[in-house]
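In: let me see the structure of the following:
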Amino acid sequence: MADMLSKSRKAKTVSNVLSATKLSTRNNALAEIAHMLNANKQAIFNANKKDIARSEIEGIAMPMIKRLKFDESKLQAVIDSINTLIQLPDPLNHVQINRALSEGLDLTRISCPIGVLGIIFESRPDALVQISTLCLKSGNCALLKGGSEASLTNRVLFDIINQASVYAGLPQGWLALMENRDDVKAMLSLDKYIDLIIPRGSNEFVKYIMNNSNIPVLGHADGICHVYVDSYDDIDTAVAVCVDSKAQYVAVCNAAETLLVNEKAAKVFLPALKKEMDRANVKLLGCKKTCSIIDIEYANDGDWDTEYLDYIMSVKIVSSTDEAIVHINQHGSGHTDTVLTTDEETANIFINLVDSSSVMVNASTRFSDGYRYGLGAEVGVSTGKIHARGPMGMEGLLIYKYIVKGQNHIVADFQSGKKKYTHIDSPKIY
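Out: Purely as a prediction, here's the structure:
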């Protein structure tokens with residue numbers, strides 16, 4: 001508790017210093033981090049191999065091992081995301097409202113960091129880099145707690161990022177790493193120092209955090225994503241989107257877990273789909289109608305509510321787009337859902353009625369990602385509807401403040417009628 005208290009108190013102390021840093025200082029720090037990650041890559045890979053070896057002995061499932069792996073491609077991906085962040089404009093001090101309340105009395109609203117973020121994330125070490133660099137660019141201090149499976153990799157990555165950023169001029173203590181479960185419990189009680197908690201994990205875990213803290217919580221939970229096949233021009237390309245949505249990387253929240261197929265397309269589409277899913281080593285589970293067309297195991301009621309994060313996909317035949325939408329809204333997690341269709345009206349109905357943070361037409365669910373959306377990276381995907389929704393990049397890490405400048409104005413003059421409000425807006429300055 002004492003260590004957690006010390007780290008959070010330090011972060012709160014330096015948060016205003018970090019928020020006032022120049023864009024050039026933050027960008028230089030990002031560039032230094034990218035350079036030092038590449039320069040120390042062998043140390044990162046060595047630590048990661050030890051984490052993987054330990055996890056394999058402990059019997060962690062293979063898809064989660066894949067998530068844990070940090071190799072050349074993962075390193076290059078995080079460096080690319082850092083370079084994208086550097087190219088993005090400064091998110092701080094944007095004028096969102098510019099209003100003359102009265103003569104000589106002016107109101108502006110400007111963007112600013114949230115402050116100190118407590119972020120609890122899963123075993124992916126690349127998430128530590130993405131989260132840290134997003135917080136840096138947006139002027140937020142970060143208290144990080146990664147999965148124990150990646151403890152050695154996380155420690156090396158944290159040391160590199162912390163040392164590089166401080167060397168580039170950021171205040172010591174803007175970033176801290178927690179490495180045991182007791183730190184999470186301690187974090188929940190530190191509402192004096194922590195402004196927002198962002199947990200990434202199961203719905204049960206997110207609910208636990210919400211129920212045991214007075215700190216605002218922005219939950220990132222399950223990703224039960226759907227592909228609905230309505231109609232298609234080319235069966236091969238439609239199948240390819242389904243396979244990509246499921247099998248391109250199964251252990252992530254934007255991988256599709258359920259496939260819905262319109263009954264008009266099912267007899268032709270499903271055999272072609274099974275052939276390609278077999279090649280991708282994806283096990284299909286189906287409703288009774290599906291099992292009458294292709295030889296697969298039956299899905300049970302719980303499968304429609306399951307995030308597999310594995311080479312498993314449930315398949316259901318539906319009679320209409322309306323039935324597909326009802327199923328998605330009932331069983332989905334509000335993350336990402338896509339429709340494959342040649343009909344524009346069907347696409348528009350799907351867009352308007354599916355209640356998810358990302359709704360797609362003729363595209364893989366795997367595009368639902370902060371880097372792919374041009375956000376630089378993401379701290380996670382918010383399926384809620386307050387403050388931030390969808391892939392949470394820099395915009396989701398910002399809040400705003402109101403600034404009023406006057407010339408010794410007093411409310412009494414307006415109450416008496418001596419002065420009047422004008423409320424004239426000038427163009428916003430973004």
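
In: which residues in the stretch 1-150 of the chain form helices?
Out: In the stretch 1-150 of the chain, the helices defined using DSSP state H, counting those that start in this stretch lie at 2-19, 23-39, 41-57, 62-68, 72-87, 125-137.

In: centre-most residue in the chain?
Out: Central residue of the chain (CA atoms, centre = their mean): Gly380, 1.8 Å from the mean position.

In: domains of this structure: list them as residue ranges, please.
Out: What the record gives for the chain is the domain set 2-220+379-399, 225-367, from automatic domain parsing.

In: mind putting those domains into CSV with mean pLDDT and distance to Tyr421?
Out: Where you see a C-beta, it was placed from the backbone N, CA and C, and this is true even at glycine. Putting the domains of the chain into CSV (pLDDT from 0 to 100; distance: least, CB to CB, whole Å) gives the following:
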stretch, mean pLDDT, distance to Tyr421
domain 2-220+379-399, 90, 5
domain 225-367, 96, 38
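
In: of these, which is nearest Asp425?
Out: domain 2-220+379-399 (5.1 Å; CB to CB).

In: next one: the closest one to chain centre, how far?
Out: Mean C-alpha position of domain 2-220+379-399 versus that of the full chain (CA atoms, centre = their mean, to the nearest Å) differs by 11 Å.

In: please apply the same query to stretch 341-354.
Out: 25 Å.

In: could I have the CA atoms of that stretch written out in PDB?
Out: Once non-C-alpha atoms are left out, stretch 341-354 reads as follows in PDB (Å, rounded to 0.1, in the frame of the first residue of the first chain):
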ATOM      1  CA  THR A 341     -24.200  -7.400 -48.100                       C
ATOM      2  CA  THR A 342     -24.700  -6.100 -51.600                       C
ATOM      3  CA  ASP A 343     -27.900  -4.200 -50.600                       C
ATOM      4  CA  GLU A 344     -27.400  -0.600 -49.500                       C
ATOM      5  CA  GLU A 345     -30.800  -0.500 -47.700                       C
ATOM      6  CA  THR A 346     -29.800  -3.500 -45.600                       C
ATOM      7  CA  ALA A 347     -26.400  -1.900 -44.800                       C
ATOM      8  CA  ASN A 348     -28.100   1.300 -43.600                       C
ATOM      9  CA  ILE A 349     -30.600  -0.600 -41.500                       C
ATOM     10  CA  PHE A 350     -27.700  -2.600 -39.900                       C
ATOM     11  CA  ILE A 351     -25.700   0.600 -39.300                       C
ATOM     12  CA  ASN A 352     -28.700   2.400 -37.600                       C
ATOM     13  CA  LEU A 353     -30.000  -0.500 -35.500                       C
ATOM     14  CA  VAL A 354     -26.900  -2.400 -34.300                       C
END
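
In: list the buried residues in that stretch.
Out: Across stretch 341-354, burial judged by 16 or more other CB atoms under 10 Å covers Thr341, Thr346, Ala347, Ile349, Phe350, Val354.

In: ok, back up a step: quick one: contacts for the residue nearest to the centre of the chain?
Out: Phe121, Ile198, Arg200, His220, Met392 (CB atoms under 8 Å, 6 or more residues apart in numbering).

In: let's see that with 10 Å instead.
Out: Shown here is Gly380, whose contacts under the criterion CB atoms under 10 Å, 6 or more residues apart in numbering are 119, 121-122, 127, 130-131, 198-201, 218-221, 253, 370, 388, 391-392, 396.

In: and if you look at Tyr402?
Out: Residues near Tyr402 by CB under 10 Å, 6+ apart: Gln96, Ile97, Arg99, Leu107, Thr108, Arg109, Ile110.

In: most neighbours, which of these?
Out: Among the contacts of Tyr402, the one with the most neighbours (other CB atoms under 10 Å) is Thr108, at 19 neighbours.

In: what is the burial count for the residue lying closest to that one once chain neighbours are set aside?
Out: Spatial nearest neighbour of Thr108, chain neighbours left out: Ile403 (4.9 Å); criterion: CB to CB, 6 or more residues apart in numbering. Neighbours of Ile403 under the rule other CB under 10 Å: 12.

In: same question for Phe414.
Out: 15.

In: chain center to the helix or strand where it lies: distance?
Out: Assigned by DSSP states H and E, Phe414 belongs to helix 411-415. Between the centre of helix 411-415 and the centre of its host chain there is 47 Å, according to CA atoms, centre = their mean.

In: what does stretch 314-331 give?
Out: How far stretch 314-331 lies from its chain's middle: 25 Å, per CA atoms, centre = their mean.

In: returning to that earlier point: can you list the strands that the one helix or strand the residue nearest to Thr108 maps to pairs with?
Out: Taking DSSP H and E as the criterion, Ile403 maps to strand 398-405. Applying DSSP bridges, strand 398-405 is found paired with strand 105-113 (antiparallel).

In: just the C-alphas of the strand it pairs with, formatted as PDB.
Out: Included here for strand 105-113 are C-alpha records, laid out as PDB according to Å, rounded to 0.1, in the frame of the first residue of the first chain:
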ATOM      1  CA  LEU A 105     -16.300  39.100 -21.000                       C
ATOM      2  CA  ASP A 106     -15.100  36.100 -23.000                       C
ATOM      3  CA  LEU A 107     -15.500  32.400 -22.500                       C
ATOM      4  CA  THR A 108     -13.300  29.700 -24.000                       C
ATOM      5  CA  ARG A 109     -13.200  25.900 -23.500                       C
ATOM      6  CA  ILE A 110      -9.900  24.200 -24.100                       C
ATOM      7  CA  SER A 111      -8.900  20.500 -24.200                       C
ATOM      8  CA  CYS A 112      -6.700  19.200 -21.400                       C
ATOM      9  CA  PRO A 113      -5.500  15.900 -19.900                       C
END
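
In: so that strand versus helix 2-19, what angle?
Out: Strand 105-113 runs at 130 degrees relative to helix 2-19, counting by axes from the mean of the first three to the mean of the last three CA atoms, to 10 degrees.

In: mind listing what the residue nearest to Thr108 touches?
Out: Taking CB under 10 Å, 6+ apart, one finds Val95, Ile97, Asp106, Leu107, Thr108, Arg109, Ile110 in contact with Ile403.

In: residues contacting the fourth one?
Out: Spelled out, it's Leu107. Ile97, Asn98, Arg99, Ala100, Leu101, Tyr402, Ile403, Val404, Lys405, Gly406, His423, Asp425.

In: do that again at 6 Å, thanks
Out: Residues in contact with Leu107 (CB atoms under 6 Å, 6 or more residues apart in numbering) are Arg99, Leu101, Val404.

In: so which of those residues comes closest to Lys289?
Out: Arg99 (59.0 Å).

In: ok, the closest residue to that closest one other than its chain neighbours to Lys401 distance?
Out: Closest residue to Arg99 apart from its sequence neighbours, by CB to CB, 6+ apart: Leu107 at 4.6 Å. Distance from Leu107 to Lys401, counting by CB to CB, to the nearest Å: 11 Å.
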